[in-house]
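> A predicted structure for the sequence below; I have some questions about it.
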Amino acid sequence: MRKTLLLLFVSWCSLSFADEGMWTLDDFPFDLVQQRHKVSVSRETIQKAMLSSVRLAQGCSGSFVSPDGLVMTNHHCVSSCLAQISKPGEDLLKVGFYAREPIDEKVCANFEIEQLVEIKDVTSRVKEATKGLAGADFAKKKKEEIARIEKECSTSNDVKCEVITLYHGAKYHLYRYRRYNDVRLVFAPEADVAFFGGDPDNFMFPRFDLDVAFLRVYEGGKPLKAKDYFSVRTEPVGDGEVVFVTGHPGRTQRLYTKAQVEFLRDRLFPLFMWLLGEMRQLLLGLLERCDDAERPLVQNDLFFVENSLKAYRGMHLTFAEKRFMEDKTEWEKQLIASAEDKQTVQKALDDIAFSQKVFSDILEEYLLLEGRFSMVSKVLVWARHIVRWSEERKKPNEERLSEYTDAELPSLKEGLFANIPAGKKLEEAKIAFYLSKIREVLGSEHEVSKALLQGKTPEEVAKEVVEGTRLFDADVRKKMFEEGYEGTQDPATEIALHLDRAARAVRQRYEDEVEAKVNVGQDVIASVYFKNTNRRVYPDATFTLRITFGKVAGYREKGRWIAPFTDIKGLFEKATGNPPYALPERWLMAKEKLNGDALLNFASTCDIVGGNSGSPVFDKDAKVVGVVFDGNFQSLGGNFWFDEEVNRAVAVSIEAIVEALKGVYGADRLVRELVGQGKGKR
C-alpha cells in the first residue's frame, strides 16, 4: 500500500513523466515535452496546429492539408455522406468514391466543419454569476450567464461560440469557431479496405486499414483559401520518433470520484451495452431483408452501433482492474488528507455521491426520454426540434434549453433543414424499437407508454408515423420549424408532443440535482487538486480541441512483443478473400504496382479516445505523418486512466495513403495537391 501511495503522490505532483495528457492549446506543456523527450516545440508550431485542425460536427476530427481547403479525416467519419450520396442501386460505401475533377466533388449534406480561432478565459464571469448558489439556483444562473457570453460572441452565422466547462466546473473557457457548412467529398476508399478486418479487428493491433478520406471546404461556391494548413511528410515515422496529435477527444472521466465511477460500472454502462446489443440485432436482421436503396444507411448505422458496443465493453473491463478501483479509493483519501479544509472536501465528495444516487433513480427515464437513446430515429429527432422550438422561441435567450440559444441555432437549423435521406423501412424499425424499449423498460403502465401507444403495438404506431409523417421532406421541416407545427396533425410531432413534458421534467431534475451538484463539488475538488499539482494538470476531454504528444512504440501483450508497424504487404498476406478479410478487386489488380514495404499503420503512446478519429499525427516540424483512426483494446480504458505501457493510438501512415492514391486509385490530382503544395502559409 505504501508503494501505491508513493506512486499516487509522484503522479499527482509531476504527472509521472508519462505521455499522458489531453492538453488545451493555450496550456501546452512545453517543459514536459522537453523533459520527457528532449524535444523543443515552438509556440508558433502550436498556434499553427490549432488553426490547421478542425472539428467535424458529426463527432470526428480532421485537418487542413492544402491551401485549397482540403481536409483529411477518416473514412468512417464520412460514411454517412457516402450513404447519403449513393444513388439507387449504387453503394458508395462498397465501391468508394473519387472526384477526378473539381466539378465531381459531392456535397455532404448536414456536414459542418469548425475551426477553432480563439480561446478566452471567462471563469470569473461564470463564477461571479453563480457565487454562493447551489442546486437549481446554481444551474439556472450558470445556464443564463453562459448563454449571454455565447450570444455576445456569436456575431454572425459564420461564427460559433461555446463556453466550455473545464475541470468539471473549476474553469470556463470561451471557444470561438469559424463555421463552414459547404463541405464536399473528394475521396473515400472502399469500406472493405478502410475497415479491413471489420468488427473482429476493431480496437485491435496489428491493423491493416486505409481508414482515410478527404473532404473540401467551400466558401462562396469556391474552394476555401486556407491560410493555415499542415504540409505532409511522405517519409515514414521511425520507431521511437516523437509525434503529436491534435484532435477533439469526446469525453473522459479521469477526474471522476469513486462514486461516479461506480455509477458507470453498475448502472450506466450495463444499460448502454444491453440497449446497443438489442439495436445491433435489429440492424443485422434488417440488413438481410432491406433493399439496395436503404442498405448503405443500415450499414452505416450498424457500424456505429457495433463500434460503440465494443468500446463500452472495453471500458467496462477497466472496472474489473483491482488496481484501478484501489487507486481511486486512495486518490480520494489523499485528496482529503492534503486539504486545509477537510470537511469541505468530504462534503463535496458526499454531495457528488448523493447526486449519483439521484441519477440512478432517474436513469432509465433520462436515457430513453431525453438522453442518447431518445435519438435513435431521425424522424423523431426532427419532430422534437420542431415541437420544442415552438415553445423555446417564446423565451428570452438566456432561459432557453441550451441547444436552442442564439449561439446554437445556426448549427441546429443546418442539420434540421439539410436534405438528407432517412430510409422509411429503417425509420419504421427504429421507431418500433424505441417504443418497445420505453414499454419494456419504463413499464406498460408508465404515463409515457400509455400516451405513446394508446393500446396499439409499437410496430403499429411506428408504421402509422412513417406512413403519415411529412417530415421526410426537408422543405416541410423548415416550414414547420419556422411557422409552427400546430394544426398539421403530423403523427411524428404528436409523438414528440407526448414525450416532451416528461422529457423536460427528467432533464430538469438531472440538471438541478445531478449536474449542478457535480459541478459545485468538482469545483472544490479541482481547487485542492490544482494546489497540489502546481496547476500542471490537464482537464477531462470535452469534444474540444486538445493536443497530446508521445512516441512511436510497440508494447507487450500476454507475453508477446507487438511491433508498432504494419506494411502493405502484410495487408495482402492477411487477406483471405472472405469477409471481413476480403480486399476490393482493384486492390488485388494493383498489388504488383504497390510498394509492399510501405508503412501502412503505426502505433504511438499519444493519449487519445473516441472523437480523435481523423486527428492529424505530425512531427516536431508540424508535418503530418499520419491520421489517427483507432486505438488498441487497452486504449478503451483511457476514458478513466492512462497506462503508457500498453495504451496505444493507431494511425494510417501518409506513406501508405499516397502509395494507394497513386497505385490503386490513379488519384493524381489529389496526390499533386497533397505533396506538391507550392504556395500558402506553411
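Happy to help now that I have it.
> show me where the stretch 251-400 of the chain has helices.
258-263, 269-289, 295-318, 322-338, 342-369, 378-392 (DSSP state H, counting those that start in this stretch).
> pick out the shakiest of those helices, pLDDT-wise.
Between the helices of the stretch 251-400 of the chain, the one with the least mean pLDDT is helix 322-338; it has a mean of 91.
> most tightly surrounded among the helices of the stretch 251-400 of the chain?
helix 378-392 (a mean of 22; mean count of other C-beta atoms under 10 Å). The C-beta positions use only the backbone N, C-alpha and C, and glycine is treated the same way.
> that one vs helix 295-318, what angle?
Going by axes from the mean of the first three to the mean of the last three C-alpha atoms, to 10 degrees, helix 378-392 is angled at 80 degrees with respect to helix 295-318.
> give the next helix or strand downstream of helix 378-392.
Counting by DSSP states H and E, the element after helix 378-392 in chain order, helix or strand, is helix 409-417.
> quick check: buried residues in that following helix?
409, 410, 411, 413, 414, 415, 416, 417 (16 or more other C-beta atoms under 10 Å).
> residue 246: which of those residues is nearest?
Distance to residue 246 across those (C-beta to C-beta) is lowest for residue 411, with 21.6 Å.
> and that closest one, what does it touch?
For residue 411, the contact set (C-beta atoms under 8 Å, 6 or more residues apart in numbering) comprises 57, 112, 160, 179.
> let's have the helices of the stretch 251-400 of the chain in a markdown table, adding distance to residue 78.
Formatted as a markdown table, those follow (distance: least, C-beta to C-beta, whole Å):
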| stretch | distance to residue 78 |
| --- | --- |
| helix 258-263 | 34 |
| helix 269-289 | 20 |
| helix 295-318 | 10 |
| helix 322-338 | 35 |
| helix 342-369 | 29 |
| helix 378-392 | 18 |
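> show me the one of those helices that comes nearest residue 37.
From the helices of the stretch 251-400 of the chain, taking C-beta to C-beta, the stretch that ends up closest is helix 322-338, at 25.8 Å.
> and the angle from the closest one to helix 295-318?
Using the same axes, to 10 degrees: helix 322-338 against helix 295-318 is 60 degrees.
> and helix 322-338, what does it pack onto?
helix 2-14, helix 258-263, helix 342-369, helix 516-533 (3 or more C-beta pairs under 8 Å, 6 or more residues apart in numbering; DSSP states H and E).
> not counting stretch 438-458 itself, show me its contacts.
364-365, 368-369, 431-436, 461, 464, 495, 498-499, 502.
> let's see it at 10 Å
Under the contact criterion C-beta atoms under 10 Å, 6 or more residues apart in numbering, stretch 438-458 has outside partners 271, 274-275, 278, 363-365, 367-369, 373-374, 431-437, 460-464, 494-495, 497-499, 501-503.
> if you count neighbours, what's buried in that stretch?
Result for stretch 438-458 [16+ other C-beta under 10 Å]: buried residues 438, 439, 441, 442, 446, 448, 449, 452, 453, 458.
> CA atoms of it as CSV?
Only the C-alpha atoms of stretch 438-458 are listed here, as CSV (Å, rounded to 0.1, in the frame of the first residue of the first chain):
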residue,chain,number,x,y,z
ILE,A,438,-40.0,2.5,-23.5
ARG,A,439,-42.7,0.0,-22.8
GLU,A,440,-40.3,-2.7,-21.7
VAL,A,441,-38.0,-0.6,-19.5
LEU,A,442,-40.4,2.0,-18.1
GLY,A,443,-43.3,-0.3,-18.0
SER,A,444,-46.7,-0.5,-19.8
GLU,A,445,-48.4,1.5,-17.0
HIS,A,446,-46.0,4.4,-17.3
GLU,A,447,-47.7,7.6,-18.4
VAL,A,448,-45.4,7.9,-21.4
SER,A,449,-46.0,4.3,-22.5
LYS,A,450,-49.8,4.8,-22.3
ALA,A,451,-49.7,8.2,-24.2
LEU,A,452,-47.5,6.9,-27.0
LEU,A,453,-49.1,3.5,-27.6
GLN,A,454,-52.8,4.1,-26.7
GLY,A,455,-53.5,0.4,-26.8
LYS,A,456,-51.5,-0.3,-30.0
THR,A,457,-48.3,-2.2,-30.5
PRO,A,458,-45.0,-0.4,-31.1
